[in-house]
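Visitor: Below are the sequence and a predicted model; questions follow.
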Amino acid sequence: MFRHASAPPLRLAAVAVCLTATLAVTAPAAGAAPAAAQGTKSVQLQWASAWPADPPFHSGVLTVGGVYTCTEPAGTSVAVSFNALQVVPLAMPSGSGTLPCGPGVIDAPWELAGFPNADVHSGWTNVLLTFDGQGLPPQEFTA
């Protein structure tokens, strides 16, 4: 009938090493702070506003904003940036900056003005926000 084949000892040793390495990587270090003691970071993108360009006199600026929380230690900051898309005419404004952190920074308002862009205009705007290195899903606004 069927013979039960056992795994060679070398294969068993390799599996044991892999499992041990996986547990070592995923298990928290003995000195790691509990999750409650670590800071919280979150952001909500709530609006976008355009100051339209008037070539050749001045470039336009897209500003985005909302509320954020960053309870990391005072004196630290969190990076925030955006890329946007406007159509008819095509414009791709962007901006970047940092927001301050601290124990009392909870649901604080924020805004970020983009870099001057000769094509910025009022109308439909799709914004892709990056907060603390993490990209958020795109959001649509009428700026």
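Guide: The structure has been received and is ready for your questions.

Visitor: who does residue 140 bridge with?
Guide: Here residue 140 sits in beta bridges with residue 126, going by DSSP bridges.

Visitor: hang on, isn't it packed against residue 123?
Guide: No. Residue 140 is beyond contact range of residue 123, at 11.0 Å (criterion: Cβ atoms under 8 Å). Glycine gets a C-beta too; all of them are placed from N, C-alpha and C.

Visitor: more crowded one of those two?
Guide: Neighbours around residue 140 and residue 123, counted as other Cβ atoms under 10 Å, are more numerous at residue 123. The numbers are 15 against 11.

Visitor: For that one, give me the pLDDT.
Guide: Looking at residue 123, its pLDDT reads 95.

Visitor: Isn't it up against residue 86?
Guide: Yes. Assessed by Cβ under 8 Å, residue 123 is found in contact with residue 86 at 6.3 Å.

Visitor: Below-threshold pLDDT in this protein: ranges please.
Guide: Filtered on pLDDT under 70, the chain yields the residue ranges 1-37.

Visitor: What segments of it are strands?
Guide: 41-51, 61-70, 77-86, 94-100, 108-113, 124-131, 134-135, 139-142 (DSSP state E).

Visitor: sorry, back to before: show me whatever sits in contact with both of residue 123 and residue 86.
Guide: By Cβ atoms under 8 Å, 6 or more residues apart in numbering, residue 123 and residue 86 have these common neighbours: 50, 143.

Visitor: C-alpha coordinates for stretch 97-114, CSV please?
Guide: Taking Å, rounded to 0.1, in the frame of the first residue of the first chain, the C-alpha atoms of stretch 97-114 are listed here in CSV:
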residue,chain,number,x,y,z
GLY,A,97,6.5,69.6,5.2
THR,A,98,6.6,68.5,8.8
LEU,A,99,4.0,68.7,11.6
PRO,A,100,5.1,69.0,15.3
CYS,A,101,4.4,66.2,17.8
GLY,A,102,3.9,66.3,21.5
PRO,A,103,1.7,64.8,24.3
GLY,A,104,-1.1,67.3,23.7
VAL,A,105,-1.2,67.1,19.9
ILE,A,106,-4.5,65.3,19.5
ASP,A,107,-7.0,66.2,16.7
ALA,A,108,-5.0,69.3,15.9
PRO,A,109,-5.7,71.3,12.8
TRP,A,110,-3.1,71.3,10.1
GLU,A,111,-2.6,72.7,6.6
LEU,A,112,0.1,72.4,4.0
ALA,A,113,0.6,74.8,1.1
GLY,A,114,2.0,73.3,-2.0
